[in-house]
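>>> okay, here's the prediction I keep looking at, along with the sequence it came from:
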Amino acid sequence: MKKPAFALLSLVAAYAGAAPALTAQEVLTQFNLVTLGNVASASHVDGRSFIGGSVVGGEFAGHPNGIKPSSYAGLTVKGSAENIKVNSNGLVVEGSLKFSTVNGGTTAVLAGASGNNFNGLAYIVGAASGNNYNGGLLSPAPSTVAAASSTQFGNVIGGLSTSLSQLASTGSSVSFNGNMATFSAVANSKGLAVFNLSAIDTQVFSKGEFEFNWNGASTVIFNVDETTLSFASNFLGGSAISAGTKAIWNFYKATDLTISNQFGGVVLAPLAKLTNNQNIEGTVLVKQLDQRGEIHSANFGGNISAVPEPQTFALLLAGLGFFACVGTRRRV
C-alpha cells in the first residue's frame, strides 16, 4: 500500500488540534515510559510508551489491563523502529518499521514497513513489503497519529523537572546507619513531602540499603543535583512498590544515570541517558534509554497540581514581558 511522500504532512494538517496537549500530571498517569531520544531495549515495558527518537528491540504495552485511557497508542515512536513487539493499544511509527509484531490495536506506519506481522488493522504510508496483514488494511489514518504530535514532551518533562528542583524542603530528612539510608518524609497540608538531597546525594547513593518512612505523605519529591550517578541500592521491605505510586526522583542535572538494583518511583531525568540493569517500579522520563531490566507500571497516584505547569511559566513570562513593554511606553 503506497502513498505519496507528502501524505504525512497532509495527515498532520488534517488532524491539527484534534488531540489536546497533555499536562505533566497526565503524562505521569498515562505513560510508563517517555524518552526524548533513542531506546535500545532487551526487556519490556508494562504500560504505554512514547519514544522521541528511534527504538531497536523490546516489548511494549505488555499489561493492557493496567494501561489508563489516552489518545495515544500503546507505543508511539517518532523515529524508526526495528525488532519490537507491541502487545496492546496499537502502534504509531513516524519513521519506518521492520521485523516487528503488533498483537493488539491499530498500527500506523508513516515511512514504510517491511517484514512485520500486523494482527490488527494497519495503516501504512510508503513502501511496504513482506508484511502479514492479519487484521486487514485501514484508511484513513487512525486518530492516534494526530495524538503523536500533540504534546511537546521535552517542554513538559523538562519544565516539570525544573519546577520540582525549585521546591523548598518540607523538613523531610535522611539519616544514616552503617550501609543504610533512612528517608523520613514530612508532608505539608497537601500531602506533599520534598527532600532536597543536593548536599548529601553522594553519601545517599553510596548506601546499599534504602528505608522509607512515608508518614502519610501522598506525593514525595527527591531532588538530586549530581550529573553522573551509578548506584545499586536495595529498597527494603518491598518499598520499591510503594515508592512507585507516590515518589518522583528528580535527577534534574544528570546526564548519565545507571541503576543496577530494583528501583521504585518515577525516574525524572530529562537530560540523561539511563541504563537500568534491573527492574524499575514506576514511570521513566529520560532523554535516552539503554533498557536491560523491566519497567513496571506502578500507577502513580501522586498529585503535582500544586506545581506550576511549564505552560503556566510561559504565560507568566509573556505577561511580565507585556507589562514591561507597557511600562517602557509610559515612561517615553
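Okay, I see it.

>>> what's next to the helix or strand hosting Leu285, contact-wise?
Take DSSP states H and E as the rule and Leu285 turns out to sit in strand 284-291. For strand 284-291, the surrounding residues in contact (Cβ atoms under 8 Å, 6 or more residues apart in numbering) are 27, 31-43, 45, 53, 58, 157, 160, 257, 266-276, 295. Where you see a C-beta, it was placed from the backbone N, CA and C, and this is true even at glycine.

>>> mean confidence score for that strand?
Averaged across strand 284-291, pLDDT comes to 98.

>>> first-to-last residue distance for stretch 19-35?
End-to-end distance of stretch 19-35 (Cα to Cα, to the nearest Å): 20 Å.

>>> which parts of that stretch are buried?
19, 22-25, 27-35 (16 or more other Cβ atoms under 10 Å).

>>> closest to Leu167 out of these?
For the buried residues of stretch 19-35, the minimum distance to Leu167 (Cβ to Cβ) is 13.7 Å, reached by Ala24.

>>> could you measure from the closest one over to Leu36?
14 Å (Cβ to Cβ, to the nearest Å).

>>> and for Pro20?
For Pro20, the distance to Leu36 - Cβ to Cβ - is 20 Å.

>>> one more: Leu289?
When Leu289 is compared with Leu36 (using Cβ to Cβ), they lie 10 Å apart.

>>> now do stretch 232-249: distance to the chain's middle.
Averaging C-alpha positions (Cα atoms, centre = their mean, to the nearest Å) puts stretch 232-249 18 Å from its chain's average.

>>> C-alpha coordinates for that stretch, CSV please?
The C-alpha trace of stretch 232-249 is given here as CSV (Å, rounded to 0.1, in the frame of the first residue of the first chain):
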residue,chain,number,x,y,z
ALA,A,232,22.8,-0.3,43.4
SER,A,233,20.7,0.4,46.5
ASN,A,234,18.2,-2.2,47.8
PHE,A,235,14.7,-0.8,48.6
LEU,A,236,13.9,-2.6,51.9
GLY,A,237,10.7,-4.3,52.8
GLY,A,238,9.1,-4.1,49.4
SER,A,239,9.3,-0.3,49.4
ALA,A,240,10.1,-0.1,45.7
ILE,A,241,6.4,-0.9,45.0
SER,A,242,5.1,1.7,47.4
ALA,A,243,7.6,4.3,46.1
GLY,A,244,6.4,3.7,42.6
THR,A,245,2.9,5.0,43.5
LYS,A,246,4.0,8.3,45.1
ALA,A,247,7.7,9.2,44.7
ILE,A,248,9.4,11.3,42.0
TRP,A,249,13.2,11.1,41.9
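
>>> what's next to that stretch, contact-wise?
Contacts of stretch 232-249 (Cβ under 8 Å, 6+ apart): 164, 180-181, 205, 207-212, 214, 217-222, 224, 259-268, 281-282, 296, 298-302, 304.

>>> can you give me the mean pLDDT across that stretch?
97.

>>> about what we covered before: run the chain-centre distance for the helix or strand just after the strand holding Leu285.
Next helix or strand after strand 284-291 toward the C-terminus (DSSP H and E): strand 295-296. A distance of 11 Å separates the centroid of the chain from that of strand 295-296, by Cα atoms, centre = their mean.
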